[in-house]
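1. Give me the fold of what follows.
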Amino acid sequence: MENVVLIIHLILALGLIAVVLMQRSEGGGLGMGGGGGGATTGRPAATALGKVTWILGIAFTITSITLTIIAAQNASGTSVIDQLGITPPAQNVPGDDLVPPGSDLLPPSGDDSAPLVPSAD
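-> Just a heads-up that it's a prediction; the model follows:
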């Protein structure tokens, strides 16, 4: 499904480029070409190429949103590392096995769950 939408998307992009390039420059967009008039002229009548441009633009936007939704559904709950099959190494949190400097508290031998007790020097 994703490949079909992607192919349609690419065809729409190429069609949109072709239709925009075929249109006559009406000037005023960037202050270039086309002659004067500016705000005094009325809006020109919509041409067939203008209508096709709108249709292709709307279809291009719809396929863009569709591709985004499909990609989000396919990627939910996974990461790049999961897709590669690499297991990350266990992380050692610094300070787990360290005793602060100058401390006279040592863990009791044998029972790791018991609280720390002062050492008998």
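2. shouldn't residue 74 be in contact with residue 2?
-> Yes - counting by Cβ atoms under 8 Å, residue 74 does reach residue 2; the two are 7.4 Å apart. Using the backbone N, CA and C atoms, a C-beta is placed for each residue, glycine as well.
3. any idea which helix or strand carries residue 55?
-> Under the criterion of DSSP states H and E, residue 55 resides in helix 48-75.
4. Quick one: list the elements packing against that helix.
-> Under the contact criterion of 3 or more Cβ pairs under 8 Å, 6 or more residues apart in numbering; DSSP states H and E, helix 48-75 touches helix 2-22.
5. which residues make contact with the helix it packs on from outside it?
-> 49, 52-53, 56-57, 59-60, 63-64, 66-67, 70-71, 74 (Cβ atoms under 8 Å, 6 or more residues apart in numbering).
6. Flag every buried residue along it.
-> By neighbour count with 16 or more other Cβ atoms under 10 Å, helix 2-22 contains the buried residues 5, 8, 9, 12, 15, 16, 19.
7. of these, closest to residue 86?
-> residue 5 (30.5 Å; Cβ to Cβ).
8. what's the pLDDT at the closest one?
-> Looking at residue 5, its pLDDT is 94.
9. Provide a list of residues in contact with residue 49.
-> Contacts of residue 49 by Cβ under 8 Å, 6+ apart are 19, 22, 23.
10. Quick one: find the helix or strand in this protein with the lowest mean pLDDT.
-> Between all helices and strands in the chain, the lowest mean by mean pLDDT, DSSP states H and E belongs to strand 105-106, at a mean of 56.
11. ok, back up a step: when you compare pLDDT across the contacts of helix 2-22, which one is lowest?
-> Comparing pLDDT over the contacts of helix 2-22 singles out residue 74 as the least confident position, at 82.
12. Lovely, talk soon.
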